[in-house]
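Sequence and computational prediction follow.
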Amino acid sequence: MLIRLKDWLRPLFQTIIILLVIILAFIVDFAKILAEAIVRAQLEKDSLPVWLRVIKAYGLWPLSLSIAVIVIALVYNSNKEAALNGNNDIYHEHTYLSYLFYRYVLGYKSCCLRLVPVLMQFKLVVNGVFANYILSDDEIHTASEDEQIYVKRPKSYIDTVNLLISDTYKVKNSQLPEKAKQYSAIRIDRPSVDHVRYDSEGLREQRTR
């Protein structure tokens, strides 16, 4: 838990600030304080801006909601250039809901996928949660142009199949969960066994033609 807190210290701090401001906005009667200030300044109603007239007329709720919206908007705009999972030394084990919260409430548009669990990577990318995804190139090598990728398909299909992608490390059928072993499998294998991560740019171009 402490590692997770350290990992997302910035967004957690921003969330705490937003919650504190919202709580204070509804506990402290800023509308009353503002109305008293208007009386002391002897300002006429007709000379007040529209938003001040609404607050003066309806009190706490309009001002409290305005404060909450303004704070959230300020935090949202401040995160336009920021990226989640910036610390690459920590395994980023967070829930999907927390990613959604930080994307759509706090405004994070970029996310680093290094050291993010594979299933979470798929979920974030497939659902298009973030506008930009950052990949670390430090440990990725360019694959040979004549490299072959082997695809083995089952003779027959049912409604459910396993998709086994053996890339950096080989996946064996024996490693599947027991309930998954009953289904046939589509295997995609890279012939190399050197445990090195490769970027097959040439293969991607072939598939898109």
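That came through, no problem.

And this protein, split by domain according to the record?
Annotated domains of the chain cover 1-78, 79-136, 146-208 [automatic domain parsing].

quick one: the helices in the chain?
2-7, 9-27, 30-40, 50-58, 60-78, 96-104, 118-126, 201-208 (DSSP state H).

Worst mean pLDDT among these?
In terms of mean pLDDT, the lowest-scoring of these is helix 201-208 (a mean of 46).

for Arg92, what are its contacts?
That one is not Arg; residue 92 is His. Neighbouring residues of His92 by C-beta atoms under 8 Å, 6 or more residues apart in numbering: Asp7, Leu84, Asn85, Cys112, Leu115, Val116, Pro117. No exception for glycine: its C-beta is placed from N, CA and C like everyone else's.

From those residues, list the buried ones, please.
Buried members of the contacts of His92, scored by 16 or more other C-beta atoms under 10 Å, are Asp7, Leu84, Asn85, Cys112, Val116.

Restricted to strands, list the residues you listed.
Leu84, Cys112 (DSSP state E).

out of the buried ones among the contacts of His92, which one sits closest to Pro191?
Val116 (27.0 Å; C-beta to C-beta).

Roughly how far does the residue nearest to the closest one when sequence neighbours are not counted sit from Asn132?
Nearest residue to Val116, sequence neighbours excluded (C-beta to C-beta, 6 or more residues apart in numbering): His92, at 4.7 Å. Using C-beta to C-beta, to the nearest Å, His92 is found at 16 Å from Asn132.

cool, Leu20 as well?
For Leu20 relative to Asn132 (C-beta to C-beta), the value is 30 Å.

likewise Val161?
32 Å.

Compare these two (neighbour count), which wins?
Val161 (14 against 10; other C-beta atoms under 10 Å).

mind listing what the more buried one touches?
Pro154, Tyr183, Ser184, Ala185, Ile186.

Leu106 now?
Shown in contact with Leu106 (C-beta under 8 Å, 6+ apart): Pro11, Gln14, Thr15, Val75, Tyr76, Asn79.

My read is that the last one contacts Cys111, right?
When you say that, I think you mean Asn79. No. With contacts counted by C-beta atoms under 8 Å, Asn79 stays clear of Cys111, the gap being 11.5 Å.

out of those two, which sits in the more crowded spot?
Taking other C-beta under 10 Å, Asn79 and Cys111 do not tie; Cys111 has more neighbours (23 against 20).

Identify the residues contacting the more buried one.
Here Cys111 is in contact with Ala83, Leu84, Asn85, Tyr99, Arg103, Leu124, Val129, Phe130, Asn132, Tyr133, Ile134 (C-beta under 8 Å, 6+ apart).

Look up the pLDDT of it for me, please.
pLDDT, Cys111: 92.
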